[in-house]
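S.K.: Next come a sequence and a model predicted from it.
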Amino acid sequence: MRPDYVLKVLESGERVDGRKMDQFRDIKVETGIIQRAEGSARVKIGKTDVIVGVKMDLGEPFPDVPDMGVLRTGAEFTPIASPDFESGPPGEDATELARVVDRGVRESESIDLEKLCLKEGEKVWTVFVDVHIINHDGNLIDASALAAVAALKTAKMPKLEKDKIIRDKLEKKLPILHEPITVTVGKVSDKFIIDPIKEEEEVLDSKVSIAIREDGKICAMQKSGNLSLTVEDAEKMIDLAVKKSKDIRKFL
Amino acid sequence: MVMKTKEKLIVKGKRLDGRKPDELREIEMKVGVIPNANGSAQVMFGNTVAVAGVYGPRTVHPRHLQEYDRAIIKCRYNMAPFSVEDRARPGPSRRSSEITKVTRLALEPALFLKDYPKTAIDVYIEILQADGSTRVTGINAASLALADAGVPMKDLVVALSGGKIDDTIIVDLCGKEDNYSEADIPCALMPRRKEITLLQMDGRLKPEEVKTIIKNVLKAGEEVYEKQKDALKKRYEK
């Protein structure tokens, strides 16, 4: 599809796949799909397909928060997922994706990290959230963030025996306090869209990803794209994201 | 190195998961799982899950890798961080680099590389869940992905592991058997031509035992071959 065609359709208030401007594609969420992981989820939004695996390990706390567990989020754009992805260390986009997903989970205080402390200043649980992209057709942030929360919500902690992890015995659930939903709103000329496919993402002027908690609080934001936003734009985008987050929450 | 276990791996002729020595795990193959790829497949052997995607033949980047008279295969075997019990650090390891190489060499003999000069065929393998025999599971997925991409092949490449546990010759090792086996032989072959394209081993075996295992793998490989063909046919049924 030629970018100028995609752009023209969007500017006329329509979309190349016939969706409404504020309509998500079909969403499918499966959990508990990776046996080796303590928690896992596969989210498909249209043709976009991501897997998130949660692994837990023992580690040291950060010195400034000695009584809290550690959250680490990683993302890899595996070359399997798109003709444009290359093997090698995570690039800018993969790092941004991991950090935006991380911020949503962290700032919403999703995981009760205090419950993950075993010995203050010495030993805590580390929660690894790894995002693996299987097929990229746009809107990776919303898909990955949804998969991360779905995986965390269904994660179980491995048993501890004399400070050793017994991997094949999963005990209690990972303590979860809040469930953030991330919705990205794209802007192109004077139009706002939700859930862009890859071809649409390429012609967007800018986009903002917004993480919203179940109590309605916004807990993380990230603007990307190379054009600026007016204050009114930002306000409209926030309102739209809050509204759409309610639809997406049903899938958790 | 062999880890010792007190646990018997074979009791009354049955393996840990109830299989007979020459029995394969449950196998599932699905072709066309990645819309963006030119060809793709997901293959499960019991709890081992591999997905492969093929892009190409396409232009080579960086250009100096280009061969004027043939295509090159660019391969990558990678384990997802959550595919194993203790999280695997993302990025290449010595193990994955070696497996990448032998995987490429296992696939190469099946392809007509001279027909596609100056191009690259990219074969990417992701292990989503590991329970032994990951490299051969990956090769089966890659073989299907290549066929799905419409890359002409002399034959499908079928891969299977054989080995020895508790003094018994077996095929298709699961994770635990892999860890505690006396020997482990991953094999890949082109069944119609009866040619071997991957052969590795670690452990201790008598020459006769090695020959037996290879023969057994060749025999059991027929079943995997049929499964591959079925999976490809299914892709075009609807």
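M.R.: Ah, there it is. Residues are numbered from 1 along each chain as shown, chains lettered A, B, ... in the order given.
S.K.: And the lowest-mean-pLDDT helix or strand in chain A, what's buried?
M.R.: Here the helix or strand of chain A ranked lowest by mean pLDDT, DSSP states H and E is strand A:164-173, holding a mean of 88. Across strand A:164-173, burial judged by 16 or more other CB atoms under 10 Å in any protein chain shown covers A:165, A:170. From N, CA and C alone the C-beta is placed, and that goes for glycine too.
S.K.: And chain B, is it touching that?
M.R.: Yes. Using CB under 8 Å from any CB of the partner chain, strand A:164-173 reaches chain B at A:Arg167.
S.K.: Helix or strand next in line after that strand, which one?
M.R.: Proceeding N to C from strand A:164-173, the next assigned helix or strand is strand A:181-188, under DSSP states H and E.
S.K.: Show me what the helix or strand following that next one is packed up against.
M.R.: Going down the chain from strand A:181-188, the next helix or strand is strand A:191-194, by DSSP H and E. Contact here means 3 or more CB pairs under 8 Å, 6 or more residues apart in numbering or on different chains; DSSP states H and E; on that basis strand A:191-194 packs against helix A:3-11, strand A:181-188, helix A:231-249.
S.K.: does the closest residue to B:Leu128 other than its chain neighbours count as helix, strand or coil?
M.R.: Nearest in space to B:Leu128, with sequence neighbours left out and distances taken as CB to CB, 6 or more residues apart in numbering or on different chains, is B:Val49 at 4.5 Å. With DSSP: H, G, I helix; E, B strand; the rest coil as the basis, B:Val49 sits in strand.
S.K.: In which helix or strand does the residue of chain A found nearest chain B reside?
M.R.: Nearest residue of chain A to chain B (CB to the nearest CB) works out as A:Gly53 at 2.3 Å. Using DSSP H and E, A:Gly53 maps to strand A:48-59.
S.K.: what lines up beside that strand in the sheet?
M.R.: Here strand A:48-59 is paired, per DSSP bridges, with strand A:39-45 (antiparallel), strand A:123-135 (antiparallel).
S.K.: so what's the backbone phi/psi at the closest residue to the residue of chain A closest to chain B other than its chain neighbours?
M.R.: Once flanking residues are discounted, A:Gly53 sits nearest to B:Phe82: 2.3 Å by CB to CB, 6+ apart. As for B:Phe82, its main-chain torsions (degrees, to the nearest 10) stand at phi -100, psi 10.
S.K.: what do you get for B:Met153?
M.R.: In terms of degrees, to the nearest 10, the main-chain angles of B:Met153 are phi -130, psi 150.
S.K.: Contacts only, for it.
M.R.: Listed by CB atoms under 8 Å, 6 or more residues apart in numbering or on different chains, the contact set of B:Met153 reads B:110-112, B:143, B:146-147.
S.K.: Columns secondary structure, pLDDT and distance to chain A on top of those residues, output as CSV?
M.R.: Output for these, formatted as CSV (DSSP: H, G, I helix; E, B strand; the rest coil; pLDDT from 0 to 100; distance: CB to the nearest CB, whole Å):
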residue, secondary structure, pLDDT, distance to chain A
B:Ala110, helix, 96, 20
B:Leu111, strand, 97, 19
B:Phe112, coil, 96, 22
B:Ser143, helix, 98, 15
B:Leu146, helix, 98, 14
B:Ala147, helix, 98, 17
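S.K.: got those as TSV, with neighbour count columns?
M.R.: What follows is those, written out as TSV (neighbours: other CB atoms under 10 Å in any protein chain shown):
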residue	neighbour count
B:Ala110	22
B:Leu111	20
B:Phe112	12
B:Ser143	31
B:Leu146	26
B:Ala147	24
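S.K.: Between which two of those residues is the distance greatest?
M.R.: B:Phe112 and B:Ser143 (14.8 Å; CB to CB).
S.K.: right, and A:Val127 touches A:Arg72 too?
M.R.: Yes. With contacts counted by CB atoms under 8 Å, A:Val127 reaches A:Arg72, the gap being 7.1 Å.
S.K.: Setting aside sequence neighbours, what's the nearest residue to B:Lys229?
M.R.: Nearest non-adjacent residue to B:Lys229, counting by CB to CB, 6+ apart: B:Leu156, 7.2 Å away.
S.K.: Remind me which helix or strand the one you found belongs to.
M.R.: Using DSSP H and E, B:Leu156 falls outside every helix and strand.
S.K.: What about A:Lys28, how many residues nearby?
M.R.: Neighbour count of A:Lys28, defined by other CB atoms under 10 Å in any protein chain shown: 12.
S.K.: any idea which helix or strand carries it?
M.R.: With DSSP H and E as the test, A:Lys28 turns up in strand A:27-31.
S.K.: how about the CA coordinates for that strand, as PDB?
M.R.: Output in PDB follows, covering the C-alpha atoms of strand A:27-31 (Å, rounded to 0.1, in the frame of the first residue of the first chain):
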ATOM      1  CA  ILE A  27      -8.500  -8.600  20.000                       C
ATOM      2  CA  LYS A  28      -7.600 -12.100  21.300                       C
ATOM      3  CA  VAL A  29      -5.900 -12.700  24.700                       C
ATOM      4  CA  GLU A  30      -4.700 -16.200  25.700                       C
ATOM      5  CA  THR A  31      -2.900 -16.700  29.000                       C
END
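S.K.: element containing the residue nearest to A:Asp205 when sequence neighbours are not counted, please.
M.R.: Leaving aside its sequence neighbours, A:Asp205 sits nearest to A:Leu227 (CB to CB, 6+ apart; 3.8 Å). Per DSSP H and E: A:Leu227 is located in neither a helix nor a strand.
S.K.: for the residue nearest to B:Leu128, what are its contacts?
M.R.: B:Val49 makes contact with B:42-43, B:127-129, B:137, according to CB under 8 Å, 6+ apart.
S.K.: Could you double-check that B:Asp178 sits in contact with B:Gly132?
M.R.: Yes. Shown here, B:Asp178 and B:Gly132 form a contact pair, counting by CB under 8 Å, at 3.9 Å.
S.K.: who's more crowded, the two?
M.R.: Ranked by neighbour count (other CB under 10 Å), B:Asp178 and B:Gly132 place B:Gly132 first, with 23 against 19.
S.K.: roughly how far apart are that one and B:Ser181?
M.R.: Going from B:Gly132 to B:Ser181 by CB to CB, to the nearest Å gives 9 Å.
S.K.: try A:Met68
M.R.: In terms of CB to CB, A:Met68 sits 42 Å off from B:Ser181.
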